[in-house]
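Visitor: the following comprises the amino acid sequence and a computationally predicted model.
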Amino acid sequence: MKEQTQTTGQFLPVSEAEMQARDWHYYDFLCITGDAYVDHPSFGFAVITRLLESRGYRVLVCAQPDVRSKQNPLAAYKKPRRAVLIAAGNVDSMVANYSVSKTRRKEDAYSPGGKPGNRPDDASITYTKLAKDAFPDTPVILGGLEASLRRFAHYDYWKEAVRPSILFESGADILVYGMGERAILDIAATFGKKGTIADMTDIPGICYKAASREDCPKDALEIAPFEKVRADKREYALAAKLQQREHGYTNTQPLLQRHEKDGYLVQNRAARPLSTAEFDAVYDLEYQRTYHPMYESAGGVPAISEVRFSVIQNRGCFGGCRFCSLAFHQGRVVSTRSDESILKEVGLLAQMPDFKGYIHDIGGPTANFRAPACKNQLQNGACKDRQCLTPEPCKALEVDHSKYNSLLKKAAAVKGVKKVFIRSGVRFDYLMLDKDDSFFRSLVERHTSGQLKVAPEHCVDHVLAYMGKPPFMVYRRFKEKFEAFNKKAGLKQYLVPYFISSHPGCKLEDALTLALYLKKEGVMPEQVQDFYPTPGTLATAAYYTGLDPLTLKPIFVAKEAGEKAMQRALLQWKLPQNKQLVQEALKTLKRYDLIGHGKECLISPEERGKNDAVHGTKNRNNKATRGQPNRRRNRH
């Protein structure tokens, strides 16, 4: 990445009037996003636009164009000199618009005032079609999370069908996947040399179209074509496994997937992660660190509140959770910023007028991953057929929290900072492998605000194995140690555990086992997430195919609405609205011994009788009785 030029120190223009105010008679890139315009480094759109600006390119921002208008909203813009860049937003547009029960969300944290309706379904496709209509001869480049996770033929939970690559379905010219800084600068430089799309086929971190096999890289690995994975679930599962296996910047092969009517999708090797110096440079750009003033009258953009006083310190994750899309997007090799860059940002936050003295987070996908998992990853990338932490920790795994602990202490010492918390979550099994308890003690004594959020996800080992999580005994030991450190420090702090219901491999009896554990421990989970099948994860492949993608062996999947509702209700059995579903679950499992007044009982005879009289026992699928999923961790 080349040297940066001076930026303007103001928001990028959002209209032709603002372009004229800068005396711009042309611009290079029209950048469209499905989110409101928030100029903050936790928004990938802001990073890419600021990076382009720092290289001297002129960027015009188009946030949430009104697709409900009778006229093409892009028709009012002049034609960009280089290209149209499109991202659906910080999350997949369908996840942003719909809950796991496929009902419309009532809020959108990434829109003005938190009001829904500003982002279309399948935003990348919708925006691309508008751009192609307004600027027929201008290249369209897709990027962001939605495009990255849908780059191959993929199962779409909302349409309950296998869809083609979003590159073909949208009609875009190139797709940038993963963290896009290197790729977008290479694309921009090619345009600057009067190059075309045909001159970009060797850029790492992109997908492009090829008319025939002869036009594809000779060393590419061909996975099952779209038509085959749509017709054969075993082929779909195998393709998903190969996509995960070959996602990397080294020791991998380019991938091909034929789409019969459209040609070949070609995925080049992933872009190399940014070095620490490059990472620093990206986050040292002159972000305004808030939403555009045009949203003030609507009440601002709620999403900024979660990140306003937080600092991103790493990228990538070697955790290996199968329900999480982070590794397929950011990669498994962790890269980090320098202490100097992070402390500089903490200093900036401490000078903001509304700063109250608390840094909410210094983290990332997993806060306590501060370096690549092992030396081998630095040279050869992540292992193709071995996870770092599960089913057992790799012998080559290097466990060290000393640098992260030191960073947190330095941040807490910055003038104006009272305390530094960790909100993005720690991987407790990695923490338990550290023979030095210094960070654990510090986490308890200095960086926990009464409650520490953790994600054991379940308590049944075979379910945890399907999730890519450690055996439950690891969490038990972590909990015991957490409580011991609190007692020694004279503190009363608590763990807030997160759990997933209906994950592939989890049966109703497994949900009951978890419910009985929670009751025994006196824990009533504040949030339970019903498994949400999102594109690009191994768990979604298992959900759709009924096969474990890594072994191709059959796996149980709870798809029937009644069972999913019962699984979720069991984990929050105390809630009055869940009593009928809990009763149905116990009857289904013939666990009448758990209906009564004993220590393990989940429902009393009085409650059973009341529910029978008021609700009956056949309303399993009644929407009014189903627990609605909470939006918690944005793992997508």
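Guide: Great, that's in hand.

Visitor: residue ranges with poor pLDDT in this protein?
Guide: Counting by pLDDT under 70, the ranges of the chain that qualify are 1-9, 608-636.

Visitor: can you list the domains in it?
Guide: Structurally, the chain divides into domains by automatic domain parsing as follows: 16-206, 309-448, 450-636.

Visitor: and the end-to-end length of stretch 173-180?
Guide: 16 Å (CA to CA, to the nearest Å).

Visitor: then stretch 518-534?
Guide: According to CA to CA, stretch 518-534 extends 28 Å from its N-terminal end residue to its C-terminal end residue.

Visitor: from the middle of its chain, how far away would that stretch be?
Guide: Relative to its chain's centre, stretch 518-534 lies at 20 Å (CA atoms, centre = their mean, to the nearest Å).

Visitor: please renumber the chain so that the first residue is 45 from this point on.
Guide: Sure, I'll start numbering at 45, so the last one becomes stretch 562-578.

Visitor: buried ones in that stretch, by neighbour count?
Guide: For stretch 562-578, burial by neighbour count (16 or more other CB atoms under 10 Å) applies to 562-563, 569, 571-578. In this view, the C-beta of every residue, glycine as well, is placed from N, C-alpha and C.

Visitor: what of stretch 177-190?
Guide: By neighbour count with 16+ other CB under 10 Å, stretch 177-190 contains the buried residues 178-179, 182-190.

Visitor: would you mind writing the CA trace of it as PDB?
Guide: Coordinates of the C-alpha atoms in stretch 177-190 are reproduced here as PDB (Å, rounded to 0.1, in the frame of the first residue of the first chain):
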ATOM      1  CA  ASP A 177     -29.400   1.300 -15.700                       C
ATOM      2  CA  ALA A 178     -28.100   4.800 -14.900                       C
ATOM      3  CA  PHE A 179     -24.500   4.200 -16.100                       C
ATOM      4  CA  PRO A 180     -24.500   1.300 -18.700                       C
ATOM      5  CA  ASP A 181     -20.900   1.600 -19.600                       C
ATOM      6  CA  THR A 182     -19.500   2.100 -16.100                       C
ATOM      7  CA  PRO A 183     -18.000  -0.800 -14.200                       C
ATOM      8  CA  VAL A 184     -19.800  -1.900 -11.000                       C
ATOM      9  CA  ILE A 185     -17.700  -3.400  -8.200                       C
ATOM     10  CA  LEU A 186     -19.400  -5.300  -5.300                       C
ATOM     11  CA  GLY A 187     -17.900  -5.500  -1.900                       C
ATOM     12  CA  GLY A 188     -18.800  -5.700   1.800                       C
ATOM     13  CA  LEU A 189     -20.100  -8.500   3.900                       C
ATOM     14  CA  GLU A 190     -23.100  -9.400   1.800                       C
END
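
Visitor: nearest to E340, out of the domains of the chain?
Guide: Proximity to E340 (CB to CB) singles out domain 60-250 among the domains of the chain, at 9.1 Å.

Visitor: span of that closest one from start to end?
Guide: Counting by CA to CA, the terminal residues of domain 60-250 are separated by 30 Å.

Visitor: and that domain, how far from the chain's centre?
Guide: For domain 60-250, the distance from its own C-alpha centre to the chain's C-alpha centre is 17 Å (CA atoms, centre = their mean).

Visitor: next: stretch 596-614.
Guide: Between the centre of stretch 596-614 and the centre of its host chain there is 23 Å, according to CA atoms, centre = their mean.

Visitor: how about the helices of the stretch 545-680 of the chain, start to end?
Guide: Taking DSSP state H, counting those that start in this stretch as the criterion, the stretch 545-680 of the chain carries its helices at 552-565, 582-589, 605-615, 623-632, 649-659.

Visitor: then the stretch 245-394 of the chain?
Guide: Counting by DSSP H, counting those that start in this stretch, residue ranges of the helices within the stretch 245-394 of the chain are 270-275, 277-289, 320-327, 348-351, 370-374, 383-394.

Visitor: likewise the stretch 395-544 of the chain?
Guide: Remark: helices assigned in the stretch 395-544 of the chain by DSSP H, counting those that start in this stretch are 419-424, 446-456, 472-476, 482-490, 505-511, 516-533.

Visitor: quick one on the thing from earlier: return the most buried member of the helices of the stretch 545-680 of the chain.
Guide: Among those, judged by mean count of other CB atoms under 10 Å, the one packed with the most neighbours on average is helix 582-589 (a mean of 26).

Visitor: tally of neighbours for the nearest residue in space to D324 that is not next to it in sequence?
Guide: Nearest non-adjacent residue to D324, counting by CB to CB, 6 or more residues apart in numbering: S385, 3.8 Å away. When neighbours are defined as other CB atoms under 10 Å, S385 has 20 of them.

Visitor: wait, S385 sits on E322?
Guide: No. S385 lies out of contact with E322 (CB atoms under 8 Å); the separation is 10.8 Å.

Visitor: L591: what's it in contact with?
Guide: If you count contacts by CB atoms under 8 Å, 6 or more residues apart in numbering, L591 has them with 277-278, 281, 585, 597-599.

Visitor: buried ones among those residues?
Guide: Here the buried ones among the contacts of L591, as counted with 16+ other CB under 10 Å, turn out to be 277, 281, 585, 599.

Visitor: hmm, which two among these are most spread apart?
Guide: Spanning the widest gap among the buried ones among the contacts of L591 are K277 and I599, at 11.6 Å by CB to CB.

Visitor: anything in contact with each of those two?
Guide: 590-591.

Visitor: residue contacts, L118?
Guide: For L118, the contacting residues are 74, 76, 106, 109, 174-175, 177-179, by CB under 8 Å, 6+ apart.
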